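[1] Return a 3D structure for these sequence lines:
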Amino acid sequence: MQTQITQIQSRFTSDLDQVHTPTELDALYLKYLGKKGSTTQLLGQLKELSLSDKKIYGPLLNQLKQSQESQIKDKSKLLSSDVSHLLSMDLTIPGQIKPIGHLHPTTILIREMNDFFRQQGYSIGEGPEIENVEYNFRRLNLPEGHPATDLQDTLFIREGDLLLRTHTSSVETRILSSQKPPLRVVVPGKCYRNETNSTTNTNFFYQYQGFVVDQGINIQHLKSILTEFHQFLFGKDIKLRFRYKYYPEVTPGMGVDIECNFCHGKGCQICKYRGFIEVLGSGMIHPNTLKACGIDPSIYTGFAFGMGLDRLVMTKFGITDIRKLYGGELIYL
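    Numbers count the residues shown, from 1 in each chain. A predicted model of the protein is given here:
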């Protein structure tokens, strides 16, 4: 046993002199003081010795262990204050680049659209996603009992009062009620409706609302800005279709469709074999809406539009199923 103690101490001293980095010191600790280390295993042999030998070699082994622990501790302090080991490293080698992802397609498109409308003099607005019926329905010329206010379409938090907003038009009525014309505002945001999920519909989605209120505003101003916007987003060759459509909050109302980017007007599952995809509803703001928000319709007129942002994202990025945008797939993140 005495010979083994002497040999271990000699090897330890020699090995310690060869340690120059914290990593090497960790390896030395495991070699001697780890669970399977030389010193640890020798300590484990004590139980096999006679009582008289235990009294002799027990203190010697404990002294050996304490000495090694002390020397390792001192060496660790020395290494922590010594940066010489860094001189052997090539610090110019490039590090490994870790994937950090990218912006979501919806976020990318919102930023592009915000940039366009800022250049046209619009401000960016926002409002609460939990809304009350006054701003979500009543001030938009949607009286109690209107089909759009039914539970079939609306997700109520407290029926008859609080709900998850069904459109970003609620932000429009809030701004019109609290600020005075002239106003030019766009509002990107999330909306919620009681929809069955499919390739083109989900029960939550993004809209992009816009409105202008000033003196002398007419529907030609609306058609012009929508044409410029779609040409900015999809190129000068984009084919648009304007058609009359009824919306309670505007009069007259106008729907805007773009030619399907997947079938180029021939008809497919994405466009429901129509050749065109409806992307927004718009129109001249109804006088009742202006009155409900405290604006005199005999002095001011305005237009509003609400875009189905998810469908624009699908068209721009070639995504065939709207559910993929919210499925957490890494390709979109």
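
[2] any idea how far the longest helix seen in the chain is from the chain center?
    Using DSSP state H, we find that the single longest helix of the chain is helix 51-80. Relative to the centre of its chain, helix 51-80 is centred 55 Å away, using C-alpha atoms, centre = their mean, to the nearest Å.

[3] next helix or strand past that helix?
    For helix 51-80, the succeeding helix or strand toward the C-terminus, using DSSP states H and E, is helix 105-119.

[4] which residue is nearest the centroid of the chain?
    Centroid-nearest residue in the chain, with C-alpha atoms, centre = their mean: His104, separated by 6.4 Å.

[5] So for it, what's the pLDDT?
    Looking at His104, its pLDDT reads 89.

[6] List phi and psi for it.
    Dihedral angles of His104 (phi, psi; degrees, to the nearest 10) stand at phi -60, psi 140.

[7] mind showing which ranges of the stretch 201-333 of the chain have poor pLDDT?
    332-333 (pLDDT under 70).

[8] rerun at 80
    Along the stretch 201-333 of the chain, segments meeting pLDDT under 80 span 201, 261, 270, 327-333.

[9] How is the protein partitioned into domains?
    Following automatic domain parsing, one finds the domains of the chain at 2-88, 105-332.

[10] Alpha carbons of the helix or strand encompassing Ile258, as CSV, please.
    Assessed by DSSP H and E, Ile258 sits inside strand 250-259. Written as CSV, here are the backbone C-alpha positions of strand 250-259 (Å, rounded to 0.1, in the frame of the first residue of the first chain):
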residue,chain,number,x,y,z
VAL,A,250,-69.7,52.0,-46.5
THR,A,251,-71.8,53.2,-49.4
PRO,A,252,-71.2,52.5,-52.2
GLY,A,253,-69.1,49.4,-51.4
MET,A,254,-66.4,48.0,-53.7
GLY,A,255,-64.8,44.6,-53.6
VAL,A,256,-61.3,44.1,-55.1
ASP,A,257,-59.9,40.9,-56.5
ILE,A,258,-56.5,40.0,-57.9
GLU,A,259,-55.8,37.4,-60.5
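
[11] just to revisit the earlier point, of all the domains of the chain, which one is nearest Ile97?
    Ranking the domains of the chain by proximity to Ile97 (C-beta to C-beta) places domain 105-332 first, at 16.6 Å. Every residue, glycine included, has its C-beta placed from N, CA and C.

[12] OK, contacts around Gln207?
    By C-beta atoms under 8 Å, 6 or more residues apart in numbering, the contact list for Gln207 reads His167, Thr168, Pro188, Gly189, Lys190, Cys191, Gly306, Met307, Gly308, Leu309.

[13] Need those residues in TSV (columns: neighbour count, distance to Phe234 and secondary structure).
    Shown next, in TSV, are these (neighbours: other C-beta atoms under 10 Å; distance: C-beta to C-beta, whole Å; DSSP: H, G, I helix; E, B strand; the rest coil):
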residue	neighbour count	distance to Phe234	secondary structure
His167	22	23	coil
Thr168	25	22	coil
Pro188	24	18	strand
Gly189	20	22	strand
Lys190	14	23	strand
Cys191	22	23	strand
Gly306	24	19	strand
Met307	24	13	strand
Gly308	21	15	strand
Leu309	24	14	helix
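
[14] List just the nearest of the residues you listed to Asn62.
    Closest to Asn62, out of all of the contacts of Gln207 and judged by C-beta to C-beta, is Lys190, at 67.9 Å.

[15] is the closest one in a bridge, and if so with what?
    Tyr206 (DSSP bridges).

[16] Run through the neighbouring helices and strands of the strand holding Ile258.
    Strand 250-259 sits against helix 219-234, strand 240-244, strand 276-285, strand 301-308, with contacts defined as 3 or more C-beta pairs under 8 Å, 6 or more residues apart in numbering; DSSP states H and E.

[17] Quick check: which of these is buried the most?
    strand 301-308 (a mean of 24; mean count of other C-beta atoms under 10 Å).

[18] List the strands paired with that one, with their directions.
    Take DSSP bridges as the rule and strand 301-308 pairs in its sheet with strand 204-214 (antiparallel), strand 276-285 (antiparallel).
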